[in-house]
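[1] sharing a model prediction with you, sequence too.
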Amino acid sequence: MNRGSFLFVESNTTGTGELLMKRARALGFETYLVTRNPARYPFLKDSVAQVIEAETRSPDELVGVATKLSRLAGIYSSSEYFVEAASRVATAIGLPAANPKAIATCRNKWKQAAELQRQSITIPETRLASSVSDVEKILAQATLPVVVKPVSGSGSSGVRLCDSAAAAIKAFESARGALLDQVDLPSPDILIQQYVEGKEYSAEIIAYDGTLHCLGILAKHKGPAPCFVEVGHDFPAPLPEPSLRELASFAAGAVSALGLNFGPAHVEFVIAEWGPVIIEVNPRLAGGMIPIMLSHALGTSILDMVIGLYAGEGFTPPGASARAGAIRFRLAQTSGKVKRLGFSGNPEPTVPEAGLLKSEGQEVQINGDFRDRVAYAIGVADELNAAAAGAERMIDTLVIDTEAAVAESDNERVAGSSEGRWHLHPEAMKLLAPPIEISRDGRLLQHQAAIDEAHLVMLADQGLVSQPAAADLLKHILDLQDEGFQSLEGREAPRGLYLAYEAELATRAGPEKAGWLHLARSRNDLNATISLLVLREAASSISQQIGIAQDALLQRVEEASRLVAPLYSQYQIALPGSPGHYLLGVFFALARERQRLHSLLEDIRNCPMGAGAGGGTSMPIDPLKTASLLGFALPSYNSLDAVASRDHHLHGLSIFASISTLLSRVAQDLQVWTTREFALIDVPHMLAGGSSMLPQKKNPFLLEHIKGSASTVIGAYVSAATATCKAPFSNSIEASNYGCSPLRLSEEALKRAITLTSLIVKFMSFNVGSMRENLEDGSSMTAVAAERMASQGVPFRKAHTQIGEIAQRLSQDSCVTQRRSELAGQLAGVFPASLEECRDALQFGGGPGQRSTDDQLSVAKALFREMELKCAEISERRAHAEVHCKGRVKELIDKHRPS
């Protein structure tokens, strides 16, 4: 049956591109592919389509091609880069297509972000950069980490997570050329987005006849940072059915806001602590073999649906009955030629499909995007766990052998190193030196690379290492950073992370050249420096988070200071106060903690590099240069102190513990105030949970997380102090490892607590009636009445006794209004006329009076501005050091680059 012609405008090079053409041909269409470069598509040798060569970036040429085809039924592109072109041509000649303007807005992620924000769709904070100076300006105001990505990219190409200014600048420069080798498209404009932490999902949507049909919500699995390569998907996402429906509606809202009224849309989003956040909307069918997995799970071909839709045959959504599906990918771990590639096992009944995405003899280059995938396996079963397990077992049978430049049979032995003769017992190695995981170790490797850069620049400047040798080593270090250290993923590290990293450099640069890297240093001063860089980063990050919390507090103060609320003492009502007064109290307590963090950051001035194993070095190094390149003010004065001391860590952890204690106390108050008995505040549903048994119950459980986090942070301090207190005053594993390792756990727990506190403060509402209710009997105003009697000459203790006796004689059976009236009558002339008058009388000593509160607010704002400037100054100094160091590295490499 000949159903006419079907034209594909360019294609995916992997995944569904080839399959779509095969399906179109199987459905009875004469299949054509128009492309400017047929060599990009190896699958064309199988005659999946008739090839037409034309300039696919020219709409006029494409229209000319389309009008020459007889009985043309539809036009489609599986390549995100050409969906707009295909849509414009189809629209021009009257074939089914999405609105080209909507697709253009969607393809330009900067315009997409602006439109979604305009229509109140939640997205990350997004900025546009066209130059390095743009990046620097953005980073001066942004909170790290950030995500850098091309405005019009796809498949995670050029997308990087950056936790420093230098990393962001490098990622910016790399992203501008990320698409050139794929589709010959430059990327002059780059997005810098706030990184949103949370589990990632996608919604697969098809728009037809005014309705958006969600085929499903999928959960994503990603490879190691700083890249965003998707290594798996689960369908349906393991979430409650009501949540899946809400997310489908949320994703459809984003598609609708962008005006996408026809065809498939792939919506990516993150569920953050405050709710779902759109990352991007792609006006195309999902990539990554997702349509194939969905076809198996839904029992109907998604590819056939799309072809029929664009051929004008309409769209019928899949039936309600569906099985669970999962897909798993394997990524290449090293660059090189593939010598052997295949599955060693046979598919189970739960695995309907598995395939190879690379072939033997093919050169593989680690790119940090979809091109790193070498194989996939799809699992389908009645339960998601069974589907995922089947896909994982199948992908685990993959055998891949890549021919690297240098044999890695002894990758832990560095030429000339005495470490090579030590072989740790396998059981000990399993416990103390597990294989490298970039998700866990990547942060330390980044610091290691930064120190290496500074150290090599200093050695070259001092003439201790030849400049060409230093330049070559620096180039390999930059390559490792660009790759996100993926070649180290899973690598055995029997003698620690550093030697595994050094062995990789020896493999790339050659053992002789790499042997210069460790000149005039030891793992002792190296570890001490890394520990300070980690602490510096953690303290800066916590300070930024406190700043966000303080800003949230200040935003609520003005509104809240006009209200009247009980001021408690030992859980008993003491005086009329205001929520604003309470929030200001928390602000000032946090301000002192932030000042302590700032003092700590200023005190981390001395860089341990140069101290060696604790006795310095005989080489004429310049430790001040190394220190300044790493953002320190000075080298260490004493080599033993440099490698032995961990007081900065203990100080930092003690501050973290103090902050978490404060936040726990605040959370305790807020939790009590949410109870029905107090009912002073209300927490919105998006920051609360329900009960598994009690339908009426709303649990403000985030407050319990804040309180629980304090135990982790305080425990981390106790653990570090205990580990350090019996360690000798020299380098020791107790101090350098067990004394420092609790920092990461503490930082994560404290960040969680601060973020949750900020959200509660920002979105909680005040129950004005309830706050006044327990003050209406007037008993809380008697302290002011006693002070007024004292001001009229009655000794305060006498006034206190008289009013106490009056209050005791009041009948508790009478109504609130009557008790207050009796007090006012017996204390005529001194009893405040209103709760507001009483509150505002408390204007001395930092009380909740309006004048006092206004003064406090002015001071708080000034303190906040001053601290923000101080923190920005520290960040700027360190960013400048990073940029300067990177500049020196680039200068050395460029100077000795082969002509």
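    Arrived safely.
[2] what number of residues lie near the residue lying closest to residue 382 once chain neighbours are set aside?
    Nearest non-adjacent residue to residue 382, counting by CB to CB, 6 or more residues apart in numbering: residue 323, 5.8 Å away. Any C-beta I mention is one placed from the backbone N, CA and C, and that applies to glycine too. Residue 323: 18 surrounding residues under other CB atoms under 10 Å.
[3] what's the answer for residue 662, then?
    18.
[4] how far is the helix ranked longest in the chain from where the chain is centred?
    Secondary structure assigned by DSSP state H gives helix 850-895 as the longest helix of the chain. Put simply, helix 850-895 sits 22 Å off its chain's centre (CA atoms, centre = their mean, to the nearest Å).
[5] what is that helix packed up against?
    helix 132-141, helix 165-175, helix 438-461, helix 467-482, helix 523-561, helix 579-603, helix 623-629, helix 835-841 (3 or more CB pairs under 8 Å, 6 or more residues apart in numbering; DSSP states H and E).
[6] can you give me the angle it makes with helix 132-141?
    Angle of helix 850-895 versus helix 132-141, following axes from the mean of the first three to the mean of the last three CA atoms, to 10 degrees, is 150 degrees.
[7] which parts of the stretch 601-750 of the chain are helices?
    In the stretch 601-750 of the chain, the helices defined using DSSP state H, counting those that start in this stretch lie at 623-629, 639-644, 647-673, 702-725, 733, 742-763.
[8] so where is the protein shaky, pLDDT-wise?
    Within the chain, the stretches with pLDDT under 70 are 1, 15, 155, 177-187, 321, 404-430, 433, 494-495, 811, 899.
[9] tell me the residue furthest from the middle of it?
    Residue farthest from the centre of the chain, counting by CA atoms, centre = their mean, is residue 793 at 64.0 Å.
[10] thinking again about what came up before, the residue nearest to residue 382 contacts residue 387, doesn't it?
    Yes - the pair residue 323 and residue 387 qualifies as a contact (CB atoms under 8 Å) at a distance of 7.5 Å.
[11] joint contacts of those two?
    Listed contacts common to residue 323 and residue 387 are 297, 380-381; contacts here mean CB atoms under 8 Å, 6 or more residues apart in numbering.
[12] which residues are contacting stretch 344-357?
    14, 292, 296, 341-343, 373-381, 386-387, 389-391, 393-395, 397-399.
[13] grab the longest strand from the protein for me.
    strand 211-222 (DSSP state E).
[14] after it, next one along is what?
    strand 230-235 (DSSP states H and E).
[15] partners of that following strand in the sheet?
    Strand pairing for strand 230-235, using DSSP bridges, gives strand 211-222 (antiparallel), strand 324-331 (antiparallel).
[16] coming back round to it: for residue 506, find the nearest of the helices and strands packed on helix 850-895.
    helix 467-482 (9.7 Å; CB to CB).
[17] can you pull the buried residues of the closest one?
    467, 469-478, 480-482 (16 or more other CB atoms under 10 Å).
[18] ditto for stretch 617-630
    617, 621, 623, 625-630.
[19] in TSV: those residues, plus distance to residue 523.
    Shown next, in TSV, are the buried residues of stretch 617-630 (distance: CB to CB, whole Å):
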residue	distance to residue 523
617	14
621	17
623	17
625	21
626	16
627	18
628	23
629	20
630	17
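[20] with respect to residue 249, which of those is nearest?
    residue 630 (49.5 Å).
[21] chain neighbours aside, what residue packs nearest to the closest one?
    Of all residues not flanking residue 630 in the chain, residue 454 sits nearest, at 5.0 Å (CB to CB, 6+ apart).
[22] now residue 145
    Nearest to residue 145 is residue 163, by CB to CB, 6+ apart, at 4.2 Å.
[23] just to revisit the earlier point, among the helices and strands packed on helix 850-895, which is nearest residue 264?
    helix 165-175 (26.0 Å).
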